[in-house]
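Engineer: build the 3D model from these lines:
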Amino acid sequence: MFKNKSGLTKHTCTQHTRASCNRQSFHQAAPQIRSPSPEARFDYDHMDFSGPNPDARFEDQEGFVPEDGSWVELGPLFRVFHSSLTRLKCDAEGNIIDQNAHPSPRTDTSLDNWTPYESRIAFETAEFPFSQNQTSAKQIDTLLDLWAASLIKHNDTPPFTGHRDLYDTIDATPLGDIPWKTFSMSYNGAKSLHDIPPWMDATYDVWFRDPHLLLHDMLGNPDFDGEMEYVPYWDYTAEDKRCFKNFFSGDWAWGQADLIAQNEANHGSTFMPLIIGSDKTTVSVATGHTEYHPLYISLAKIFEAIKPYMNTPDVAQFPDGHFRRVIYGLGPYIADYLEQVLLSGVVQGWCLKCLADQRDLDGDGPCLRRCKKHRELLVEELEYKKLWEEYGIVGDVVVTDIHELISPDILHQIIKGTFKDHLVDWVESYLKITHGTSRAAQIMDDIDNRIAAVSSFAGLQRFPEGHGFKQWTGDDSKALMKVYLPAIRGHVPDEVVRTFSAFLDFCYIDDLIQLQDALDRFHRYREIFKTTGVTLSFSLPRQHSLNHYLLLIWQFGAPNGLCSSITESKHIKAVKETWRRSSRYKALGQMMLEGSCLSEALHKLRKRHCKSNSDEDDDEFANNVAAPTDQPGFLNVNEPKHRSIEGEVGETIDGPAEEAHVDLAATPRCRCDVRALGNELELPNFQQMVQEFLHDQAHTADPDPPVFDPASAPLFSGKVSIFNSAAAEFYAPSDLSGTGGMQREHIHAVSSWHGGAPCHNCVFVNMNTDTNIMNGLAVARVLCFFSFSNRTSFFQCAVVWWFSHVLDARDLDTGMYVVAPATLEDDTPDISIIHIDCIFHAAHLIPVYGSNMLPRAITSHNCYNVFHSYFVNKYADHHTFEIV
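Structural biologist: Just a heads-up that it's a prediction; the model follows:
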């Protein structure tokens, strides 16, 4: 595609356009009544699950026409809201009020009131050692003693006399004080005469907070204003296809709303599902494996206190300040497989969602979904042993109808389970079976070298030593998924490569039909591991769970909102840090009272003053402390900012969605004349390249531009500003992004990265051509960013080295496009100048390694210089996957 620099190619690549697939508008268009087609919905019949079709209520209708006022058109989406549970505003007694009424003003404490602290500096003094630095009591005393000694000559004292004074003050902080309660429990059933298990004699402490108060505290938090959904909805695209995103976009929330709406007294209420999660964590491996089972809940822990409000509306204040009537309900349960087994009364090794036989979980026969009624019938009719062996049911455990609410778990089922524990380990086993232990070790070392040689990319974790480390984390596994496929190609059969490709497609695909196709391909290609003797069976519960994802997405929306990584991410703050601050003796009570309570009190006091007008700082603090700009009026000592190290990870951007754009860095590296820049880039004809760029810019609107003639075209010989980087901002809601789905990533073109080797990133360039290859995008490597003024115009440019497509389609094994550095007819690099508006965002390339061993001299810093061809890594992030 890029064999030369013809006038047409140069003209199209210097157009100031942006790739259309990145544009996303959220204006509210004039509504047009349309009827989403029931035929466009996914057919559940091909699934092996029994049960009613969620869309059966529309089967006898020509089209589903939503009621007036229950739908709206949001840019590319057509949203239908539930027509009965409409979150009507009410007063504190539950009486419906004027829906245009303004909320009552919240009563905020005066800015000068830092009770129980003497002043803000006293508050900051308490928060820093307790929350930010987590200083021990002894060290706090030492610090305060040194401070007191320094103030003797001023006849003054620190705000606290010691750690106990500091702790007592924090404990007296009144904000949001929902007290912890506790009770003990122990086993009171029959015991054997000998060898009694320790757990039968043990007493266990359970700590909890009043869920009703906790619910009201969370619902009334103004930080959630604009971030909370109140009404279940269905989203459709312009092609009448269902679109699933947040939890309320799934069918389960809509179905629950239908059940609640059967009682007309509940009409106008707000449905609030309680999403629960638990996750065991160990706080002391070396001294007895002390384990805690914290229960995390997105709204509250389920206790008897809220049962009355599952049928009759409660009245609660919401983040926007208005009161609404609320109906609570039990939502999905977040846990890993072992905790789900305990919760559901299912034998380990069986599926929690269906009755597939443990010995052949992915067999061809139909399998029914587990449900409470079927379980009760089996328990009543069958013996304990038969229940255990033929149905995977623990017969003496009484459970509720929990099976429907078992949520998908991306972390343990997909990332740590199927990828790390199964596929990656199977590759190593295959190499040992095929080549022997010694040769397999050499190949594994080469795979590690290949992984280590992958170039850097925004948000992509690097593995300088490969993947051969002992302690894997979820982040390690997720990062390795993005680069592992090209590293093993050439060392394993094509079927293994295709197995990984199908699995990764399953992880990234956002179309349910294609999701099922990827799963089918994965099941077909993974047979290579059975035929080569790597594994005897695929009856693996975590891998089998992939079969249920399609239905679970229909029920609960995008599965990343119900992942156990949410609960695991809270271990450090909620358990491990509070454990370290305890005395270790009867630590649980200390962790609850002196750990989480005090930290929460400090946090809420800071949030209260953050919400206030920070310009009215008390004089004492304002005169002595320079507050940072990102949080006006507050001292953030050693507090990490909400931004990343430039070039290493992407940055989230809060605010509404905008069109994609690229901006040069704020400060240029230097200024020089155009000839000096050409000499630095070793481009003798660089001045003529600038001349040709200006010619094309002058004729961007001309459908038939004149041929470039260097003799007649204007010549530029002035100064240029050189930049080390540019920042691309684009809409990428599937990746880590801001509230509006926007993300920023840095594109570098520097001769020395952090004093080391050069760093020249690759980019996608919008060619504005009608082609199916990568949606009309080209790949180029940025050699330099620069800007200059010519007459009355200002230009921001990039010098790029083009890549050409080796194939007109994706590689059959990896599913990736393959490109190669483009050259001209005289074998010189095909280098051009483009306007930065042509750049879409950064691209990531991984070498096509082949079957030879990789020399250790090749590293991530020089891999773009030594290979003949490269894979366009579509797994670098979800946004890249969507466009290529």
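Engineer: and Arg498, that's in a helix?
Structural biologist: Yes: counting by DSSP: H, G, I helix; E, B strand; the rest coil, Arg498 is part of a helix.
Engineer: which of the three states applies to Trp504?
Structural biologist: If you look again at residue 504, you'll see it is Leu, not Trp. Under three-state DSSP, Leu504 comes out as helix.
Engineer: pLDDT wise, what is it at?
Structural biologist: Leu504 carries a pLDDT value of 95.
Engineer: show me the contacts for the closest residue to it other than its chain neighbours.
Structural biologist: Nearest residue to Leu504, sequence neighbours excluded (C-beta to C-beta, 6 or more residues apart in numbering): Tyr875, at 5.6 Å. For every residue, glycine as well, the C-beta is placed using N, CA and C. Residues near Tyr875 by C-beta atoms under 8 Å, 6 or more residues apart in numbering: 481-483, 485, 504, 508, 881.
Engineer: mind putting those into TSV with neighbour count?
Structural biologist: Formatted as TSV, these follow (neighbours: other C-beta atoms under 10 Å):
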residue	neighbour count
Met481	21
Lys482	22
Val483	25
Leu485	25
Leu504	23
Tyr508	20
Phe881	19
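Engineer: relative to Ala676, which of those is nearest.
Structural biologist: Val483 (38.1 Å; C-beta to C-beta).
Engineer: give me the phi and psi for the closest one.
Structural biologist: Backbone torsions of Val483, given as degrees, to the nearest 10, read phi -130, psi 0.
Engineer: what separation do you get for the nearest residue to it once chain neighbours are set aside and Ala441?
Structural biologist: If the residues on either side of it in the chain are set aside, Val483 comes closest to Val454, at 4.8 Å by C-beta to C-beta, 6+ apart. The gap separating Val454 from Ala441 is 21 Å, by C-beta to C-beta, to the nearest Å.
Engineer: returning to that earlier point: now, which of the contacts of Tyr875 lie within helices?
Structural biologist: 481, 485, 504, 508, 881 (DSSP state H).
Engineer: in contact with the fourth one, which residues?
Structural biologist: Neighbouring residues of Tyr508 by C-beta under 8 Å, 6+ apart: 874-875, 878, 881.
Engineer: now do the third one
Structural biologist: Remark: with contacts taken as C-beta under 8 Å, 6+ apart, Leu504 is in contact with 481, 485, 875.
Engineer: let me know whether His544 touches Ala356 as I believe.
Structural biologist: Yes: between His544 and Ala356 a contact is recorded at 6.8 Å, counting by C-beta atoms under 8 Å.
Engineer: any shared contact partners between these two?
Structural biologist: Asp362.
Engineer: what about Tyr333, how many residues nearby?
Structural biologist: 21 (other C-beta atoms under 10 Å).
Engineer: which residues of the stretch 651-800 of the chain fall in helices?
Structural biologist: 674-681, 686-698 (DSSP state H, counting those that start in this stretch).
Engineer: deepest-packed of the ones you listed, please.
Structural biologist: Among the helices of the stretch 651-800 of the chain, ranked by average contacts under mean count of other C-beta atoms under 10 Å, first place goes to helix 686-698 (a mean of 20).
Engineer: tell me what that helix is packed against?
Structural biologist: Here helix 686-698 touches helix 7-13, helix 674-681, strand 793-805, strand 831-835, going by 3 or more C-beta pairs under 8 Å, 6 or more residues apart in numbering; DSSP states H and E.
Engineer: let me have the helices of the stretch 651-800 of the chain in a markdown table, adding distance to His523 and mean pLDDT as columns.
Structural biologist: Listed next are the helices of the stretch 651-800 of the chain as a markdown table, based on distance: least, C-beta to C-beta, whole Å; pLDDT from 0 to 100:
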| stretch | distance to His523 | mean pLDDT |
| --- | --- | --- |
| helix 674-681 | 51 | 93 |
| helix 686-698 | 51 | 90 |
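Engineer: now for the ones you listed, which one comes closest to Val866?
Structural biologist: That would be helix 674-681 among those, by C-beta to C-beta, at 19.8 Å.
Engineer: mind giving me the packing neighbours of the closest one?
Structural biologist: helix 686-698, strand 719-723, strand 777-790.
Engineer: so how far is the longest one off the chain centroid?
Structural biologist: When you say that, I think you mean strand 777-790. For strand 777-790, the gap between its own C-alpha mean and the chain's C-alpha mean amounts to 31 Å (C-alpha atoms, centre = their mean, to the nearest Å).
Engineer: list the buried residues for it?
Structural biologist: Within strand 777-790, the residues that count as buried by 16 or more other C-beta atoms under 10 Å are 777-788.
Engineer: again with stretch 666-676
Structural biologist: Here stretch 666-676 shows 669, 672, 674 as buried, counting by 16+ other C-beta under 10 Å.
Engineer: kindly report the same for stretch 81-98.
Structural biologist: For stretch 81-98, using 16+ other C-beta under 10 Å, the buried residues are 81-90.
Engineer: pLDDT of that stretch, averaged?
Structural biologist: Per-residue scores along stretch 81-98 average to 92.
Engineer: likewise for stretch 701-721?
Structural biologist: Mean predicted lDDT for stretch 701-721 stands at 86.
Engineer: same deal with stretch 310-322?
Structural biologist: pLDDT averaged over stretch 310-322 gives 92.
Engineer: quick one: contacts of that stretch?
Structural biologist: 89-90, 92-94, 103-106, 212, 215-216, 219-228, 230, 263, 265-266, 269-270, 306, 323-330.
Engineer: from the chain's centroid, how far away is that stretch?
Structural biologist: Using C-alpha atoms, centre = their mean, the offset of stretch 310-322 from its chain centre is 29 Å.
Engineer: tell me which residues of it are tucked away?
Structural biologist: Quick answer for stretch 310-322 (16+ other C-beta under 10 Å): 313-319, 322.
Engineer: same deal with stretch 488-505?
Structural biologist: 488-492, 495-505.
Engineer: and if you look at stretch 427-436?
Structural biologist: 427-432, 434.
Engineer: dump those residues to a markdown table, plus distance to Asn865, secondary structure and pLDDT.
Structural biologist: Formatted as a markdown table, these follow (distance: C-beta to C-beta, whole Å; DSSP: H, G, I helix; E, B strand; the rest coil; pLDDT from 0 to 100):
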| residue | distance to Asn865 | secondary structure | pLDDT |
| --- | --- | --- | --- |
| Val427 | 29 | helix | 95 |
| Glu428 | 31 | helix | 94 |
| Ser429 | 35 | helix | 95 |
| Tyr430 | 32 | helix | 96 |
| Leu431 | 30 | helix | 96 |
| Lys432 | 34 | helix | 95 |
| Thr434 | 33 | helix | 95 |
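Engineer: now do stretch 810-828, average pLDDT.
Structural biologist: 93.
Engineer: helix, strand or coil for the closest residue in space to Val496 that isn't next to it in sequence?
Structural biologist: Leaving aside its sequence neighbours, Val496 sits nearest to Ile528 (C-beta to C-beta, 6+ apart; 5.7 Å). The three-state assignment at Ile528 reads helix, by three-state DSSP.
Engineer: and Ile528, how close does it get to Asp696?
Structural biologist: From Ile528 over to Asp696 (counting by C-beta to C-beta), the distance is 51 Å.
Engineer: then Trp180?
Structural biologist: In terms of C-beta to C-beta, Trp180 sits 69 Å off from Asp696.
Engineer: again with Ile839
Structural biologist: From Ile839 to Asp696 the distance is 16 Å (C-beta to C-beta).
Engineer: out of the buried residues of stretch 81-98, who's nearest Leu664?
Structural biologist: Once C-beta to C-beta is applied, the member of the buried residues of stretch 81-98 that ends up nearest Leu664 is Phe81, at 43.5 Å.
Engineer: give me phi/psi at the closest one?
Structural biologist: According to degrees, to the nearest 10, Phe81 has phi -100, psi 150.
Engineer: next: the one 4 residues further on.
Structural biologist: Main-chain dihedrals, Leu85, degrees, to the nearest 10: phi -90, psi 90.
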